[in-house]
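# From the sequence below, what's the structure:
(chains A and B)
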There are 2 protein chains.
Amino acid sequence: MSEKLTQQTVTDFLDALASNAPAPGGGSVAALSGALGAALVSMVCNLTLGKKKYAAVQDDIAALVAQSEALRHRLTDLLEADVEVYTGVSAAYKMARKTPEEKAARSAAIQEALKAAAQVPLDVAGACVEVLELCTQTAEQGNLNAVSDAGVAALMAEAGLRSAALNVIINVNAIKDEAFSAKLQGELDALLEGRSALKEQVYDLVVEKL
Amino acid sequence: MSEKLTQQTVTDFLDALASNAPAPGGGSVAALSGALGAALVSMVCNLTLGKKKYAAVQDDIAALVAQSEALRHRLTDLLEADVEVYTGVSAAYKMARKTPEEKAARSAAIQEALKAAAQVPLDVAGACVEVLELCTQTAEQGNLNAVSDAGVAALMAEAGLRSAALNVIINVNAIKDEAFSAKLQGELDALLEGRSALKEQVYDLVVEKL
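Residues are numbered from 1 along each chain as shown, chains lettered A, B, ... in the order given. Just a heads-up that it's a prediction; the model follows:
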């Protein structure tokens, strides 16, 4: 791919997604969903900074937006990384497999590519958790006129987390190194634990404040 | 806004979202989330069409992709419409309110703009439900190599629905015509009913198939 996905227009990105090209796919959408959540946290912060009514929380909000912007850029980079590692896995699968030596080399290359590929959705999941964990404070301290945006941020972060989880599980199932797989699954489980409930808490808090 | 949001690059859209400009905001993200879900349904279909292994379901998949593509384009249009109606509400709030006559005219204009604005997130919610309802079939009949994408589609459609719901509730709370508000709330409740459970069903089905 010559052009970065995030340099495509939204319409072209959706067209590429809908097409029969295997990438971009759900892995990229997971990262984008998290980035949309992070951007909405930033939006609420930016609508709060400099407002007299919110004078008491200016320092907190300045610290918050620094975190959400860092997460937004990390997730945008991961969107591109997801396509790159996917390309690596595809290339390994396309290796010659006529002789026993070729079969062994191909199998080893696939396993190595899968291990590298597994880290990206796990990183996406981790970053989405971090975005989600900013949302309660965003809803509590941010500009009340934008509180619904804190709720949407939580929904997008959690959907990004769950979407990334599906992409981690694909790798867990395909990697033959059982210790490596078990470690991945353990890290994923820790990221998922309690996060859907947290999203619902933020949602309920937002509905109360609307 | 001179440029359509969907003609911006993904990066520029995220920048605009994160900024202190009141639009785009969570309402646009709700529509985008649904459009991403619809695009992923289309992707799974396009990876299934023309494949011998899936010969038995070609007609079903052709019908499915027609629906998902129509929904994708409807949700993309609603993304733009959300910003337009938001602009209408903002303009009404900015009307003069010095004299009693001005106050009355402003109040009436706000109420009219809010009623027009309320329809957009309700339409987004409805379209997201339609996308979600395509996901079970997508996961059951679609190319097994892309089944995780059917799961991500369901997650994005449900997050879009819940995000749109927050934007409907804002309008329900601000509209003084109680019969109109009650009708909106009733339509929203019907759209939400059972949909989070359906999303979890699709997710579980996908995890089983991974």
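
# Now find how far off-centre stretch A:100-113 is within its chain.
Distance of stretch A:100-113 from the chain centroid (C-alpha atoms, centre = their mean, to the nearest Å) equals 29 Å.

# Show the average pLDDT along that stretch.
For stretch A:100-113, mean pLDDT rounds to 95.

# quick one: is it near chain B?
No: Stretch A:100-113 stays clear of chain B (C-beta under 8 Å from any C-beta of the partner chain), getting no nearer than 14.5 Å. All C-beta atoms are positioned from the backbone trio N, CA, C, and that covers glycine.

# Pull out the buried residues from that stretch.
A:106, A:109, A:110, A:111, A:113 (16 or more other C-beta atoms under 10 Å in any protein chain shown).

# Kindly list the longest helix within chain A.
helix A:100-141 (DSSP state H).

# list the helices and strands it packs on?
helix A:26-46, helix A:58-93, helix A:147-174, helix A:178-192, helix A:195-209 (3 or more C-beta pairs under 8 Å, 6 or more residues apart in numbering or on different chains; DSSP states H and E).

# Of those helices, flag the one that's most buried.
Across the helices and strands packed on helix A:100-141, averaging neighbours per residue (mean count of other C-beta atoms under 10 Å in any protein chain shown) puts helix A:26-46 on top, at a mean of 31.

# Around residue A:7, how many other residues sit close by?
Using other C-beta atoms under 10 Å in any protein chain shown, residue A:7 has 13 other residues around it.

# how near is it to residue A:190?
34 Å (C-beta to C-beta, to the nearest Å).

# ok, now residue A:159?
19 Å.

# Please apply the same query to residue A:125.
Residue A:125 is 10 Å from residue A:190, by C-beta to C-beta.

# what do you get for residue A:122?
Taking C-beta to C-beta, one finds residue A:122 at 11 Å from residue A:190.

# How about residue A:119?
Applying C-beta to C-beta, the value for residue A:119 to residue A:190 is 15 Å.

# Could you do residue A:98 as well?
Distance, residue A:98 to residue A:190, using C-beta to C-beta: 43 Å.

# Okay, now the unreliable bits of chain A?
Low-confidence segments of chain A, defined by pLDDT under 70, are located at A:1-2.

# do that again at 90, thanks
Within chain A, the ranges that satisfy pLDDT under 90 run A:1-3, A:21-23, A:83-84, A:86-88, A:90.

# Next one: the residue sitting furthest away from the middle of it relative to residue A:106, how far apart?
Most distant residue from the mean C-alpha position of chain A: residue A:99, 39.9 Å away (C-alpha atoms, centre = their mean). Applying C-beta to C-beta, the value for residue A:99 to residue A:106 is 10 Å.

# which residues sit against stretch A:177-185?
Residues from elsewhere that reach stretch A:177-185, judged by C-beta atoms under 8 Å, 6 or more residues apart in numbering or on different chains: A:111, A:115, A:118, A:122, A:168, A:169, A:171, A:172, A:173, A:175.

# List the residues that contact residue A:3.
With C-beta under 8 Å, 6+ apart, residue A:3 has no contacts at all.

# That one in helix, strand or coil?
coil (DSSP: H, G, I helix; E, B strand; the rest coil).

# any idea how far it lies from residue A:76?
Where residue A:76 is concerned, residue A:3 sits at a distance of 15 Å (C-beta to C-beta).

# how far away is residue A:55 from residue A:61?
Applying C-beta to C-beta to residue A:55 and residue A:61 gives a distance of 11 Å.

# do residue A:207 as well
With C-beta to C-beta as the criterion, residue A:207 and residue A:61 are 22 Å apart.

# ditto for residue A:135
Taking C-beta to C-beta, one finds residue A:135 at 14 Å from residue A:61.

# Check for me that residue A:22 belongs to a strand.
No: judged by three-state DSSP, residue A:22 forms no part of a strand; its state is coil.

# pretty sure it contacts residue A:87?
No: Residue A:22 is beyond contact range of residue A:87, at 9.4 Å (criterion: C-beta atoms under 8 Å).

# Quick one: residues in contact with stretch A:100-109.
A:92, A:93, A:95, A:96, A:97.

# Try it again at 6 Å.
Residues outside stretch A:100-109 that contact it (C-beta atoms under 6 Å, 6 or more residues apart in numbering or on different chains): A:92, A:95, A:96, A:97.

# That's all I had, so thanks and see you.
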